[in-house]
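> For reference, the sequence and a predicted model appear below.
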Amino acid sequence: MQLEDIETIAVLGAGNMGHGIAEVAALAGYDVRLRDIKEEFVQSGYEDIEWSLQKLAEKDTITEEEADAAIDSVTPLVDMEEAVGNADVIIEAVPEKMEIKEDVYEEVEESAPDHAIFATNTSSLSITDLSEVSDRPEQFCGMHFFNPPIRMQLVEVINGEHTSDETIEVIEDLAEDFGKTPVRVRKDSPGFIVNRILVPLMNEACWMLSEDVATVEEIDSTTKYHMGLPMGSFELADMTGIDISYHVLDYMNDVLGDEYEPAPIMEEKVENEELGQKTGKGFYDYEDGDGADVPTDEYSEEVEERLNAALAKEIANLVGDGVAPPEDIDEAVMMGAGFPEGPTKSIDEYGVEKCLHKLEELYEETGAARYKHPDYLEEAAEQGGFNDGAGDDEDSGPDFEVIAIERIDVDVPEGHDEKQVGHILIDRPHRMNTISLDVLEELDQAREIFEADEQVRAILITGEGDKAFSAGADVQSMATSADPLSAQELSAQGQATFGRLEECPLPIVAGIDGFCLGGGMELSMCTDIRIASERSEFGQPELDLGLLPGWGGTQRLANVIGEGPAKEIIMTAERYDAEEMADFGFLRDVVSKDDLFDEARDLAEQLAQGPPVAQKMTKRAMLKGRDDTEAGLEVESQAFGHLIGTDDVMEGMTAFMGDGEPDFEGQ
Ligand SMILES: C/C=C/C(=O)SCCNC(=O)CCNC(=O)[C@H](O)C(C)(C)COP(=O)(O)OP(=O)(O)OC[C@H]1O[C@@H](n2cnc3c(N)ncnc32)[C@H](O)[C@@H]1OP(=O)(O)O
């Protein structure tokens, strides 16, 4: 079967995951049959989809017409034959109990067409075992969505032992067609990728607590504010439900053995029904206490060493067993668990060898199976990391991780020199394209590369994904270094990077779609012309955080739109829509989200055909004149004198008189 052959998708189970998957499929234009065992269950799932689509329309993520079309394409059903009789793909999202799934598969088989593919959304059971319960193991694979499916980009697509290549490929294509990013799990293995990394990490945190190595506060403070993971280990456990992690771990323990023995504290919490936020108490108290109030300053070196060792061990298991290569692990964990950096890269930076020694030391001390390391960890240590050789080739240029760059060829008249637009894409959609120190460094490198490239005549800056141009500085990494010196350094580094961008001789266009807040808006202020989509929202929310715009916003916003409106935006910390920002003069144009990229690129291409020397000198004179008109005028007249002798002026004037298009060479 090919993607084009898929028209009807049956989703079995209308609970949280099931109705979310159905919504995603409906938005992608499929005919969706949502099925559950009782009318009230399926109606509730259907209403949840309706509510969510309405919210998306209110936020302008989709149009009212798209929301209406999506809900019209979902049929809520109880009758199994009606649900699957015509289905090309059947996605099963029923409770995680083998007996329940067996019953469901038996019923499905009575009515499902022979060509239909089965995909299970299980997060913990074996794909191979499940496929053997079905009558079509080759047409069976895992399709593991993350909660909530509408928001989470990742889908793990899992090969069972019998899955055919055709099946896995078409389900990957389907996930892409849903607008998601599939990551292939090449071998059926408990926890797949994301849970296999997260759950043992959480278990190690629990063992440290059980054995009094560290307190909840020390462990979470180290995880969140020193290792820079999105949440503390216990904070995460409480949020996802301790029973859920325990269930996955228990399964790993059954299948993979003692190395995954749950820590006593985890078992206790489950027995006492202290399951986290959902029961009001877990590792933190949400009813009588302050909830997960993680201190910023209780770092423990031992905790960091042990957690990194646990992480390195699981990465080695996944890579060594052929479940996934390092780059897929990084992609999956960043998208599925919100890690700001891929775990294989961060362990490479920290030192695989150090992790190996820590495991050896702990194994010698305790004899506990969980500290036994796989052979592959030694191999990775010997070769200097999991990503051996990556980025070693000096000729290949910098290895960008949080931004991406490309050169866009400009469509020039015949006979004209080739020209390009250098496109910088802020590429952290899972973190709302927030700006970390890494982003600042890479932005600076990208600007430098484009400035040094004679063919690049303009720069275009956009943000990846459909939520944000950039939601500003990464508040989490700021909290990690919440001392005055680090904060001042962060501010100075942003100011310097943005300052160099503002001074860049090339014309720069910002194409803004979605949130453009705080440091993201300060970045856009350093560009020369801004275009935004209608749904974009702007603001300087720093005062709401008790801060002030620290990357040039207190100065540049007034330069762009005048002091009155700038003060209003900064002091109110409110959000402004694109039309209001256009009225302030901040935006050249407001266009539909579908047209945004093309319009911004066209403008950058137009600027790329302008006279480079005159553009550079115009920018310089205007910048110089900002505080000192006399100095600006001086630069202007000197530039005028300089330009008159250039080839570009001759080219421009000749083209004007001959009615042709000038081909400026920057001479
Ligand atoms: C010198 C420069 C200083 C600064 O720039 S200070 C920072 C200024 N920026 C902000 O204060 C914006 C903070 N963010 C927000 O207000 C909201 O978010 C949005 C309006 C952008 C979006 O709201 P919604 O659509 O409801 O999404 P969501 O669940 O709040 O965010 C999705 C994920 O993105 C993370 N995130 C958003 N903004 C930031 C940020 N600035 N720093 C770090 N993370 C951020 C969230 O935490 C969350 O993450 P998870 O999915 O893991 O819960």
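Yep, it's here. Residues are numbered from 1 along each chain as shown.

> what's the closest non-adjacent residue to Asp5?
Nearest residue to Asp5 in three dimensions, chain neighbours excluded: Asp88, at 6.3 Å (C-beta to C-beta, 6 or more residues apart in numbering). Where you see a C-beta, it was placed from the backbone N, CA and C, and this is true even at glycine.

> Hmm, Ala112 and that neighbour touching each other?
No: the criterion here is C-beta atoms under 8 Å, and Asp88 misses it with Ala112 at 9.9 Å.

> ok so, going back, any idea how far Leu3 is from the residue nearest to Asp5?
When distance is defined by C-beta to C-beta, to the nearest Å, Asp88 is 10 Å away from Leu3.

> Ignoring the adjacent residues along the chain, who's closest to Gly422?
Per C-beta to C-beta, 6+ apart, closest to Gly422 is Phe450, 3.5 Å.

> Dihedrals phi and psi, that neighbour?
Main-chain torsions, Phe450, degrees, to the nearest 10: phi -70, psi -40.

> Which residues of the chain lie near the ligand?
Taking C-beta under 6 Å from any ligand atom, the part of the chain that reaches the ligand is made up of 230, 338, 431-432, 434, 471-476, 494, 515, 517-519, 541-542, 545, 550-551.

> Which of those fall within strands?
Using DSSP state E, the subset of the residues of the chain next to the ligand located in strands is 515, 517.

> Buried among the residues of the chain next to the ligand? Make that a PyMOL selection.
Applying 16 or more other C-beta atoms under 10 Å to the residues of the chain next to the ligand, the buried members can be selected in PyMOL as follows:
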select buried, resi 230+431+432+434+471+472+473+474+476+494+515+517+518+519+541+542+550+551
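
> Which ones among the residues of the chain next to the ligand map onto helices?
Within the residues of the chain next to the ligand, residues falling in helices by DSSP state H are 475-476, 494, 519.

> Please list the outside residues in contact with the lowest-mean-pLDDT helix or strand in the chain.
Least confident helix or strand of the chain, by mean pLDDT, DSSP states H and E, is helix 475-480 with a mean of 74. Helix 475-480 has contacts (C-beta atoms under 8 Å, 6 or more residues apart in numbering) with 224-226, 228, 230, 296, 340, 434, 436-437, 487, 490, 545.

> can you pull out the helices in the stretch 51-200 of the chain?
All helices of the stretch 51-200 of the chain, identified by DSSP state H, counting those that start in this stretch, fall at 64-72, 80-84, 98-111, 127-133, 165-177, 194-210.

> Compare those and give me the one nearest Phe145.
Phe145 lies closest to helix 165-177 among the helices of the stretch 51-200 of the chain, at 8.7 Å (C-beta to C-beta).

> how far does that closest one sit from the chain's center?
In this view, helix 165-177 has its centroid 21 Å away from the chain centroid, taken as C-alpha atoms, centre = their mean, to the nearest Å.

> Show me which of Asp88 and Ala112 is the more surrounded one.
More crowded of Asp88 and Ala112, by other C-beta atoms under 10 Å: Ala112, with 26 against 21.

> Would you check that my belief about the more buried one contacting Gly85 is correct?
Yes: if you go by C-beta under 8 Å, Ala112 and Gly85 touch, sitting 7.5 Å apart.

> Which residue lies nearest the spatial centre of this protein?
Nearest to the mean C-alpha position of the chain, by C-alpha atoms, centre = their mean, lies His430 at 1.9 Å.

> The residue lying closest to that residue once chain neighbours are set aside in helix, strand or coil?
If the residues on either side of it in the chain are set aside, His430 comes closest to Met335, at 5.3 Å by C-beta to C-beta, 6+ apart. Three-state call for Met335 (DSSP: H, G, I helix; E, B strand; the rest coil): helix.

> can you count the residues close to Met335?
Met335 has 21 nearby residues by other C-beta under 10 Å.

> now the one 10 residues further on
Residues within reach of Lys345, counting by other C-beta under 10 Å, total 22.

> same question, Asp399
Asp399 is flanked by 12 other residues according to other C-beta under 10 Å.

> for the one 4 residues further on, same thing?
Here the neighbour count serves as a burial measure; for Ile403 (other C-beta under 10 Å) it reads 23.

> mind checking how far the nearest residue to it once chain neighbours are set aside is from Ser346?
Counting by C-beta to C-beta, 6+ apart, Ile403 lies nearest to Glu442, which is 4.6 Å off, once chain neighbours are set aside. Distance of Glu442 to Ser346, given as C-beta to C-beta: 16 Å.
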